[in-house]
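**Student:** Need coordinates for the following:
(2 chains)
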Amino acid sequence: SAVISQKPSRDICQRGTSLTIQCQVDSQVTMMFWYRQQPGQSLTLIATANQGSEATYESGFVIDKFPISRPNLTFSTLTVSNLSPEDSSIYLCSAVTANTEAFFGQGTRLTVV
Amino acid sequence: GENVEQHPSTLSVQEGDSAVIKCTYSDSASNYFPWYKQELGKRPQLIIDIRSNVGEKKDQRIAVTLNKTAKHFSLHITETQPEDSAVYFCAARGIQGAQKLVFGQGTRLTINP
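**Tutor:** Now for the predicted structure:
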């Protein structure tokens, strides 16, 4: 299994600002992803973080709002830009290992005020 | 794309009884089906998974069955214990889509002592 460290664990941000979330994996992984989880809801995929190239976004998510970087195999960041109260949610990074199992970071609880 | 439906949304069972959660998927090319347990405020944890080349997999009190023809898979928990109380998510991954997981809506399982 892979150990994923995600930070910050929570933050309260003013509307109009941005929050950058970091995700570090302790071993090489094949794929990294970013999910959003609204309270009491399921996980919705935001994008696939591609190493050294632009992320692949799911329908309804755009790069200007959710810029993602993945400079190497074990590190990725997600920025949530121009925050509004609707962005209040839990954001989770995920990594897939060579045996295709997917693991999650501990999540970032974002509150926009 | 893939769509995963999960039922029931809530399930309450007496301690010691069995619990069954069912999921259906739409993409016949999907070949990997994990189950995650998420306790309140925690990250989703992989508890068991099954690949399309087998019909059943067991791990102590937990088992998963897969019916490829009907495109559904189920999680079975026997001899339930209070610590089994959590939200459970099924997911499916196809051969396309760069190993991304599509999640069901989740089942809130409550074990009554």
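**Student:** ok, which residues in chain A are in contact with chain B?
**Tutor:** When proximity is defined as Cβ under 8 Å from any Cβ of the partner chain, chain A approaches chain B at A:30-31, A:33, A:41-45, A:48, A:56, A:92, A:94, A:96, A:100-107. Placement of C-beta: from N, CA and C, glycine included.
**Student:** how much space between the closest residue to residue A:105 other than its chain neighbours and residue A:111?
**Tutor:** Closest residue to residue A:105 apart from its sequence neighbours, by Cβ to Cβ, 6 or more residues apart in numbering or on different chains: residue A:6 at 3.0 Å. The gap separating residue A:6 from residue A:111 is 16 Å, by Cβ to Cβ, to the nearest Å.
**Student:** which one of those two has more residues nearby?
**Tutor:** residue A:6 (22 against 13; other Cβ atoms under 10 Å in any protein chain shown).
**Student:** Which strands and helices lie in contact with the helix or strand that contains the more buried one?
**Tutor:** Assigned by DSSP states H and E, residue A:6 belongs to strand A:4-7. Counting contacts by 3 or more Cβ pairs under 8 Å, 6 or more residues apart in numbering or on different chains; DSSP states H and E, strand A:4-7 packs against strand A:19-25, strand A:89-96.
**Student:** That one: partners in the sheet, and parallel or antiparallel?
**Tutor:** strand A:19-25 (antiparallel) (DSSP bridges).
**Student:** So what touches the strand it pairs with?
**Tutor:** For strand A:19-25, contacts defined as Cβ atoms under 8 Å, 6 or more residues apart in numbering or on different chains pick out A:2-8, A:11, A:13, A:32, A:34, A:73-80, A:83, A:91, A:93, A:95, A:105, A:108, A:110.
**Student:** Is residue B:28 in contact with residue B:71, as I believe?
**Tutor:** Yes: with contacts counted by Cβ atoms under 8 Å, residue B:28 reaches residue B:71, the gap being 6.4 Å.
**Student:** Can you tell me the SS state at residue A:86?
**Tutor:** Under DSSP: H, G, I helix; E, B strand; the rest coil, residue A:86 falls in the helix class.
**Student:** Report the separation between the nearest residue to it once chain neighbours are set aside and chain B.
**Tutor:** Excluding the flanking residues, the one nearest residue A:86 by Cβ to Cβ, 6+ apart is residue A:112, at 7.8 Å. Distance, residue A:112 to chain B, using Cβ to the nearest Cβ, to the nearest Å: 19 Å.
**Student:** quick one: contacts for residue B:31?
**Tutor:** Counting by Cβ under 8 Å, 6+ apart, residue B:31 touches B:51, B:52, B:53, B:93, B:94, B:95.
**Student:** Please list the members of the residues you listed that lie in strands.
**Tutor:** Using DSSP state E, the subset of the contacts of residue B:31 located in strands is residue B:51.
**Student:** one step back: just confirm the residue nearest to residue A:86 contacts residue A:85, I think it does.
**Tutor:** Yes: between residue A:112 and residue A:85 there is a contact at 5.0 Å, judged by Cβ under 8 Å.
**Student:** what sits against the residue positioned nearest the centre of chain A?
**Tutor:** Centroid-nearest residue in chain A, with Cα atoms, centre = their mean: residue A:34, separated by 3.5 Å. The contact partners of residue A:34, by Cβ under 8 Å, 6+ apart, come to A:23, A:45-47, A:49, A:66, A:68, A:76, A:78, A:91-94.
**Student:** mind redoing it with 6 Å?
**Tutor:** Shown in contact with residue A:34 (Cβ atoms under 6 Å, 6 or more residues apart in numbering or on different chains): A:46, A:47, A:78, A:93.
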